[in-house]
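*Asks:* Any chance you could fold what I've pasted below:
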Amino acid sequence: MAEVYTGIPTSPGQGSGPAQVVRVDRPEVDRRSITRRRIGSEQARFDAAVAEVMADLERTEAQLRADDPSEQARLALALVGSHRAVLCDPLLIVGVHRLISAERLCAEWALERVLGDLRASFARLESPELRDWWRDVEALAASLLRRLVPGGDTRTLRVRPGAVLVARQLSVVDAIAAVRAGSAAVVLEGGSLTSHVAILCRSAGLPAVVAVKDACARLPPGQWLGVDGDLGHVELLEREGAEETEPGPARPAFAGPSVAIDPVAAPLHTACGQAIALRANLDLRLDADFARRHGTLGVGLLRTIYQYAGHQALPEEDALAQLYAEVVADFAPEPVTIRLLDLGGPLDEADLPEALRGLQDCRGIRLMGQRPEVLDSQLRALCRAASAGHLRILVPFVTTVDEVSDVRARVDRFCDDLDLDT
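*Replies:* As a prediction, this is how the structure comes out:
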């Protein structure tokens, strides 16, 4: 009977091929103190490591833009962009610089200390999905540490086409390399359903199983593996000459799912016959394809905070209008409900444009009293996007009828200005 290991299924489909085991560990940090005269050079060493990792991300972005215009590639671009935002986060950069200067720690020790604080902050978050994002930050941090620790392995991951990639963890850049190379599947010792790597694998149709205990030690290099991303099984297959056997043709990068996903049967009904419409909750437009393939009928909620987070300046009205129109068109003629900007949630002030800082207690529609021009720009963009399909506006944190009337009056005025029907 074939030996089978079990993990968490994170990306559906089946794939088989020889195991390519990647043992890239987080390096051991030498906790060295430095002299005062080395503070500047140690900070510069850290900045150089950040610049090298940033250059890797930028090269990946350039390859995606040049080679692949698909929706899945755009998701990959968005995830790479989120990692670039982490690298630029003042909490990381300023925190490391401060520890190097104030406590005279070497760069890798200072980085380890800052990461420890970040790990504790993630652990305190109520949302399990947000807590899981730490795994993505940790993979990025490991790339930084390998550049700071003497002798660290900074080689670019070279994925063999048709192989099953087995690793403790992968960065987003590594996962993109696996997709682009035409990997048969991914098996990880760590990971979760909501990590960026899992999202990327699902979008690209690359079968993946995570949380397979001791996978790197238990799955020999070259061993032919069968990976079931629906059940979370990794099976050791009997195959003569597995190490010498050439795998099948590589699957095109970001070409869509490797297996068909049956949509939810429609229409849905309760036991008493009441019709049910299954709608999606989205943070990004790039989730739309996954939602449609699972049979959703429109969007119950599109949050808008992520069009503002991670930017110094407010988004342009034209950019908002284009994004909203694309989402509405994605699901037309089904309804798409877009929520007006709400500043609450897990984001820190440093994540917001300067114009919105200091307003964290100004939830939902109350922003109208403090920054009316911000919501006016959003409302105009929504009015412009409405012609693409069936658009609804959700006004958060309403406490009085006057607040709803005010929003309605503004929508009417903007529609008149744009010569649109309301």
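
*Asks:* What's the first helix or strand after the least confident helix or strand in the chain by mean pLDDT?
*Replies:* Counting by mean pLDDT, DSSP states H and E, the chain has its least confident helix or strand at helix 128-132, which shows a mean of 63. Once helix 128-132 ends, the next helix or strand along the chain (criterion: DSSP states H and E) is helix 134-148.

*Asks:* Can you tell me what sits against that following helix?
*Replies:* Contacts to helix 134-148, defined as C-beta atoms under 8 Å, 6 or more residues apart in numbering, come from residues 24, 26-27, 29, 45-46, 48-50, 52-53, 56, 82-83, 86-87, 107-108, 111-112, 115, 118-119, 122-123, 152-154, 169-174, 190-192, 195-197. Bear in mind the C-beta positions are built from the backbone N, C-alpha and C, glycine included.

*Asks:* Keeping just the C-alphas, turn it into PDB.
*Replies:* In PDB, the C-alpha atoms belonging to helix 134-148 read as follows (Å, rounded to 0.1, in the frame of the first residue of the first chain):
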ATOM      1  CA  TRP A 134       2.700  36.600   9.600                       C
ATOM      2  CA  ARG A 135       3.900  33.600   7.600                       C
ATOM      3  CA  ASP A 136       4.300  35.900   4.500                       C
ATOM      4  CA  VAL A 137       6.100  38.500   6.500                       C
ATOM      5  CA  GLU A 138       8.400  35.800   8.000                       C
ATOM      6  CA  ALA A 139       9.300  34.400   4.500                       C
ATOM      7  CA  LEU A 140      10.200  37.900   3.400                       C
ATOM      8  CA  ALA A 141      12.200  38.400   6.600                       C
ATOM      9  CA  ALA A 142      14.100  35.200   6.000                       C
ATOM     10  CA  SER A 143      15.200  36.600   2.600                       C
ATOM     11  CA  LEU A 144      16.500  39.700   4.400                       C
ATOM     12  CA  LEU A 145      18.400  37.700   7.000                       C
ATOM     13  CA  ARG A 146      20.100  35.500   4.400                       C
ATOM     14  CA  ARG A 147      21.600  38.700   3.000                       C
ATOM     15  CA  LEU A 148      22.800  39.900   6.400                       C
END
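
*Asks:* and the residue nearest to Gly190 when sequence neighbours are not counted, how many neighbours?
*Replies:* In space, Gly190 comes closest to Gln169 once its chain neighbours are excluded; the distance is 4.6 Å by C-beta to C-beta, 6 or more residues apart in numbering. When neighbours are counted by other C-beta atoms under 10 Å, Gln169 registers 21.

*Asks:* Give me the secondary structure label for Gln169.
*Replies:* Under DSSP: H, G, I helix; E, B strand; the rest coil, Gln169 falls in the coil class.
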